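Trainee: fold the following.
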Amino acid sequence: MQVIVEGKNLSITEALRQHATHQAEKLLKIGHNITKVRVYLETVAKKNNDPKANSVTFHVEISGADVTIEKHAVDI
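Mentor: This next block holds a predicted model:
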């Protein structure tokens, strides 16, 4: 399984890359033929406790249809 980590408006450190890869590897427990996982990390200008200030999107490519998972949070 190939894991691609990309960021928008933030630099991807090695620690962020390792954490995102570790989380993506948990998807293998599902048991489907996952070929590729794209992880998009995005942040916007900080607004006080804005619940949509940061978002993480996992785009999972499997045989058949693709799956997209998106999560918003105050802190990544």
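Trainee: my guess is residue 71 contacts residue 41, does it?
Mentor: No - under the criterion of Cβ atoms under 8 Å, residue 71 makes no contact with residue 41, lying 10.7 Å away. Every C-beta, even on glycine, is put in place using the N, C-alpha and C of the backbone.
Trainee: the more surrounded of the two?
Mentor: When neighbours are counted by other Cβ atoms under 10 Å, residue 41 comes out ahead of the other of residue 71 and residue 41, with 21 against 10.
Trainee: where do the contact lists of residue 71 and residue 41 overlap?
Mentor: With contacts taken as Cβ atoms under 8 Å, 6 or more residues apart in numbering, the residues that reach both residue 71 and residue 41 are 55, 56.
Trainee: for the worst-scoring helix or strand of the chain on mean pLDDT, output the C-alpha coordinates as CSV.
Mentor: Least confident element among the helices and strands of the chain, by mean pLDDT, DSSP states H and E: strand 67-73 (a mean of 76). Coordinates of each C-alpha in strand 67-73 appear next as CSV, following Å, rounded to 0.1, in the frame of the first residue of the first chain:
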residue,chain,number,x,y,z
VAL,A,67,-13.6,6.1,-0.4
THR,A,68,-13.0,9.6,1.1
ILE,A,69,-13.0,10.3,4.9
GLU,A,70,-12.8,13.9,6.1
LYS,A,71,-12.4,15.2,9.7
HIS,A,72,-12.3,18.8,11.0
ALA,A,73,-10.9,19.8,14.3
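Trainee: tell me the strands beside that strand, with direction?
Mentor: Paired neighbours of strand 67-73 in the sheet (DSSP bridges): strand 54-62 (antiparallel).
Trainee: quick one: contacts of the strand it pairs with?
Mentor: For strand 54-62, using Cβ under 8 Å, 6+ apart, the contacting residues are 20, 23-24, 27, 32-44, 66-76.
Trainee: filter those residues to the buried ones?
Mentor: Applying a neighbour-count criterion of 16 or more other Cβ atoms under 10 Å, the buried members of the contacts of strand 54-62 are 20, 24, 27, 34, 37, 38, 39, 40, 41, 42, 76.
Trainee: my guess is the third one meets residue 36, correct?
Mentor: No - counting by Cβ under 8 Å, no contact exists between residue 27 and residue 36, whose distance comes to 11.0 Å.
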